[in-house]
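>>> Here is the input, now give the coordinates:
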Amino acid sequence: MAPADVKAVVIDCFPESVESHQDEDAIIAVDVIRATTVVATAVARGRKCFPVPTLEAAVALAEELSNPLLVGELGGNMPFGFHLNNSPAEIELRDDIERPMVLLSTSGSRLICAGNNSQSMYVACLRNWKAAARGLENRHRKIAVIGAGARGEFREEDELCCAWIAEELVGFGFEPQDHRTAEIINKWSGMHVVNFLAKQIKTFPPY
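Model prediction:
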């Protein structure tokens, strides 16, 4: 375990785990398939994005916004009254950039909304993982990189992305906070995303 005065990074999983990382200055939320990829895609196009933890929160926020775009899924199904499932490809193709997006998902948006008011929350995916790590190099001393998870599992695409972010931070002088973090970094170090996708393509749901 890294000493208290050393910059440290830890990898974890599931929205519920955020509560155990109250001492971290910042959290990087990772839900490659698909919430954080949707966020990164929307923001890159210039769209405002508002992740919400529950359907009730989505409905309440939508009433406060002007012509919002309701995007997301619960249990893999698009809720009634929503405009789109959480598809990065569909968000990329839309021209109505002025419409703010309200994003809801089974685990990803809950993770994004789980931090406390004293923490900074960031989102990362395979499209922006390196920029996320480099952008936080000198901003925080203690960072938790947390995968959204699904059905009680740390999904491989999230574990890979978390590992790459943590490895990049280690290159900037951060120390792995525990043995599990170091093991996950070592597991995915050197893996090329093309090889990973080739291995996983049969199990990936369509974007």
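
>>> For Val71, list each beta-bridge partner.
Judged by DSSP bridges, the bridge partners of Val71 are Leu84, Leu103.

>>> That one - how many residues pack around it?
Neighbour count of Val71, defined by other CB atoms under 10 Å: 28. Any C-beta I mention is one placed from the backbone N, CA and C, and that applies to glycine too.

>>> Test my guess that it contacts Asn85.
Yes. Assessed by CB atoms under 8 Å, Val71 is found in contact with Asn85 at 7.4 Å.

>>> Need phi/psi at the most centrally placed residue in the chain.
Closest residue to the average C-alpha location of the chain: Val30 at 2.4 Å, with CA atoms, centre = their mean. Backbone torsions for Val30, taken as degrees, to the nearest 10, come to phi -130, psi 120.

>>> show me the contacts for it.
Residues near Val30 by CB atoms under 8 Å, 6 or more residues apart in numbering: Thr36, Val123, Ala124, Cys125, Val145, Ile146, Gly147, Ala148, Asp158, Cys161, Cys162, Ile165.

>>> quick one: the strands in the protein?
8-13, 26-30, 49-51, 69-72, 101-104, 120-124, 142-147, 175-176 (DSSP state E).

>>> Distance-wise, check the residue nearest to the centre of the chain relative to Glu56.
Distance of Val30 to Glu56, computed by CB to CB, to the nearest Å: 25 Å.

>>> quick revisit: out of the contacts of Val30, who has the most neighbours?
Thr36 (34 neighbours).

>>> domain assignment for this structure?
Following automatic domain parsing, one gets these domains for the chain: 8-33+117-200, 35-109.

>>> What ranges in the chain fall below the confidence cut-off?
Within the chain, the stretches with pLDDT under 70 are 1-4, 194-207.

>>> Quick check: buried residues in the top helix by length along it?
Counting by DSSP state H, the longest helix found in the chain is helix 156-171. Within helix 156-171, the residues that qualify as buried are 156-170, counting by 16 or more other CB atoms under 10 Å.

>>> Determine how far it lies from the middle of the whole chain.
Going by CA atoms, centre = their mean, to the nearest Å, the spacing between the C-alpha centre of helix 156-171 and its chain's C-alpha centre is 12 Å.

>>> what's that helix packed up against?
Here helix 156-171 touches strand 8-13, strand 26-30, helix 129-135, strand 142-147, helix 179-188, helix 193-200, going by 3 or more CB pairs under 8 Å, 6 or more residues apart in numbering; DSSP states H and E.

>>> Redo those as a markdown table? Include distance to Gly75.
Shown next, in a markdown table, are those (distance: least, CB to CB, whole Å):
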| stretch | distance to Gly75 |
| --- | --- |
| strand 8-13 | 19 |
| strand 26-30 | 20 |
| helix 129-135 | 27 |
| strand 142-147 | 19 |
| helix 179-188 | 27 |
| helix 193-200 | 22 |
